[in-house]
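Asker: Sequence isn't available, so here's the structure alone:
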């Protein structure tokens, strides 16, 4: 599955970072490692966004870190007028320990989808323990 997450990110046409603000629940990491022993306020939903060079495609890279809960969200887009549909790819499995192996080489692969975009605000449910890429076009 790590290969697929890398591929989803590395093949996206997204080169110009844009600001993102998330309002989500957080958790604290305690007793991490020697270099970073604690990390307060880690968001369950992490989002990074970028435009392509032409400025006609906005891509959101989203990670739902919650291991047991899907996260309902409202995405508000400012400064970009999306078309009526967005492309979605979601990588998730039955468990974070579910592998792709020689018996099931495609047990966990990205699932493509389409998201209806009624305007500058859209609701989306991020599956638990998932990586999602949403591509909005003008």
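Answerer: Here it is on my side, so go on. Being a predicted model, the structure only gives us computed values, none of them experimental.
Asker: Then residue 3 would be within a helix, right?
Answerer: Yes: under DSSP: H, G, I helix; E, B strand; the rest coil, residue 3 sits within a helix.
Asker: Chain neighbours aside, what residue packs nearest to it?
Answerer: Distances taken as CB to CB, 6 or more residues apart in numbering put residue 100 closest to residue 3, at 7.8 Å, once the chain neighbours are dropped. In this view, the C-beta of every residue, glycine as well, is placed from N, C-alpha and C.
Asker: wouldn't that neighbour be in contact with residue 108 here?
Answerer: Yes: if you go by CB atoms under 8 Å, residue 100 and residue 108 touch, sitting 5.7 Å apart.
Asker: before we move on, back to that, can you get me a residue count around the residue nearest to residue 3?
Answerer: Neighbour count of residue 100, defined by other CB atoms under 10 Å: 16.
Asker: Provide a list of residues in contact with the residue nearest to the spatial centre of the chain.
Answerer: What sits nearest the mean C-alpha location of the chain, by CA atoms, centre = their mean, is residue 62, with 1.6 Å. Counting by CB atoms under 8 Å, 6 or more residues apart in numbering, residue 62 makes contact with 45-47, 126, 131-134.
Asker: Try it again at 6 Å.
Answerer: By CB atoms under 6 Å, 6 or more residues apart in numbering, the contact set of residue 62 is 47, 132.
Asker: so how far is the helix or strand in which it is found from its chain's centroid?
Answerer: Under the criterion of DSSP states H and E, residue 62 resides in strand 57-64. Once both centres are worked out by CA atoms, centre = their mean, to the nearest Å, strand 57-64 turns out to sit 5 Å from its chain's centre.
Asker: Give me the average confidence score over the helix or strand following that strand.
Answerer: Following strand 57-64 in sequence order, the next helix or strand is strand 71-76 (DSSP H and E). The average pLDDT for strand 71-76 rounds to 96.
Asker: Then stretch 120-138?
Answerer: Computed over stretch 120-138, the average pLDDT equals 96.
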